[in-house]
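Q: any chance you could fold what I've pasted below:
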Amino acid sequence: MAKDKKAKKSKKPGMFKTFRDAYKITKKTYPKIGWLMLGGAILVLAIALGIAAATQSWISWSIIGILLMVLTPLVILTRGVRKASYAQIEGMPGAVTAIIDSMRGSWVKQNEPVRINPRTQDFVFRIVGRPGVVLVTEGPINRVQKLVDDERRALRRISANAPIHVIYAGNDEGQVPLPKLEKAIKRLKNQISPGEVSALSQRLEALSKNALNIPKGIDPTNPRAGRRSMR
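A: Numbering: from 1, shown residues only. Predicted structure coming up:
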């Protein structure tokens, strides 16, 4: 029992290791992140000491300054690692799933795309929430539009009144960049109740099981696997 407890403790990553890993990830995309963190810490400490000198409240503002000096680099690193992670996966097939998986809230998500073109590796992902059905595409708009239209028609057969939103992810005109994708989804207004979300997601799950787009076990990012499934 004692050994099992020690093994479990050793498996949990420590705070220093988590901080170090986050720093390494961020540094690959932003090499000057260390200087930015140091500069931020020095700046907030200088501001706190300046206020302390002006108000003669040295003890309280010195404590506040030290706390801010520790917290500021952590805030900078947290924001930096998020942006760096997006930058490193941008352009990779299936990058949208990383954003969808990280979203919090009562969203009903699917790990696999609901529509796919294996040859061009264009995808349509679907999530369901209070705004209704949200289709998130990956690929040029002119190529994914047919996939979107096909999915929209299938959705209308399941529920004619369900609100359907389409967000085109990407960096071209009319698309939403990957770092702004989550905000764009969360900006959608709520239009259906939680009960309607549950009922709609159940009907859509049945639709997904009957769909012929992606056979179970096929990797949608592997075009060879997609071609084998169509033979």
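
Q: looks like residue 127 contacts residue 100 (just checking).
A: Yes - at 6.0 Å, residue 127 and residue 100 qualify as touching, with contact defined as CB atoms under 8 Å. The C-beta positions use only the backbone N, C-alpha and C, and glycine is treated the same way.

Q: what's the overlap in contacts for these two?
A: 107, 109, 136 (CB atoms under 8 Å, 6 or more residues apart in numbering).

Q: ramachandran angles for the first one?
A: For residue 107, the backbone dihedrals are phi -90, psi 140 (criterion: degrees, to the nearest 10).

Q: mind checking pLDDT for the residue nearest the centre of the chain?
A: In the chain, the centroid-proximal residue (CA atoms, centre = their mean) is residue 99; its distance is 1.8 Å. The model reports residue 99 with a pLDDT of 83.

Q: starting at the chain centroid, how far to the host helix or strand of it?
A: Assigning secondary structure by DSSP states H and E places residue 99 in helix 96-102. Its chain's C-alpha centre and that of helix 96-102 lie 4 Å apart, by CA atoms, centre = their mean, to the nearest Å.

Q: who touches the closest residue to residue 110 other than its chain neighbours in this structure?
A: Take residue 110 and drop its neighbours on the chain: the residue closest to it by CB to CB, 6 or more residues apart in numbering is residue 126, 5.8 Å away. Contacts for residue 126 (CB under 8 Å, 6+ apart) come out as 110, 113, 114, 133, 134, 135, 136, 151, 204.

Q: follow-up on the earlier one: which strands or helices does the helix holding residue 99 pack on?
A: Secondary-structure packing of helix 96-102 (3 or more CB pairs under 8 Å, 6 or more residues apart in numbering; DSSP states H and E): helix 58-89, strand 122-129, strand 132-138, helix 181-186.

Q: mind putting these into a markdown table with distance to residue 161 and mean pLDDT?
A: Putting the helices and strands packed on helix 96-102 into a markdown table (distance: least, CB to CB, whole Å; pLDDT from 0 to 100) gives the following:
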| stretch | distance to residue 161 | mean pLDDT |
| --- | --- | --- |
| helix 58-89 | 35 | 86 |
| strand 122-129 | 14 | 92 |
| strand 132-138 | 9 | 93 |
| helix 181-186 | 21 | 90 |
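
Q: for residue 162, find the nearest of the ones you listed.
A: strand 132-138 (5.5 Å; CB to CB).

Q: pull out the buried positions in the helix or strand following that closest one.
A: Later in the chain than strand 132-138, the nearest helix or strand by DSSP H and E is helix 141-158. Within helix 141-158, the residues that qualify as buried are 141, 144, 147, 148, 151, 154, 155, counting by 16 or more other CB atoms under 10 Å.

Q: distance of the residue of the chain most remote from its centre from residue 43?
A: Centroid-distance maximum for the chain: residue 56 at 45.9 Å, with CA atoms, centre = their mean. Using CB to CB, to the nearest Å, residue 56 is found at 22 Å from residue 43.

Q: could you tell me how far residue 189 is located from residue 143?
A: Look at residue 189 and residue 143: by CB to CB, they are 29 Å apart.

Q: got any ranges where this protein has weak pLDDT?
A: 1-13, 207-231 (pLDDT under 70).

Q: how about residue 33: what's its closest non-neighbour residue?
A: Nearest non-adjacent residue to residue 33 (CB to CB, 6+ apart): residue 26, at 4.8 Å.

Q: next, the contact list for that neighbour, please.
A: The contact partners of residue 26, by CB under 8 Å, 6+ apart, come to 33, 77, 80, 81, 84.

Q: wait, the last one sits on residue 23?
A: Right, residue 84. No - Residue 84 is beyond contact range of residue 23, at 10.1 Å (criterion: CB under 8 Å).
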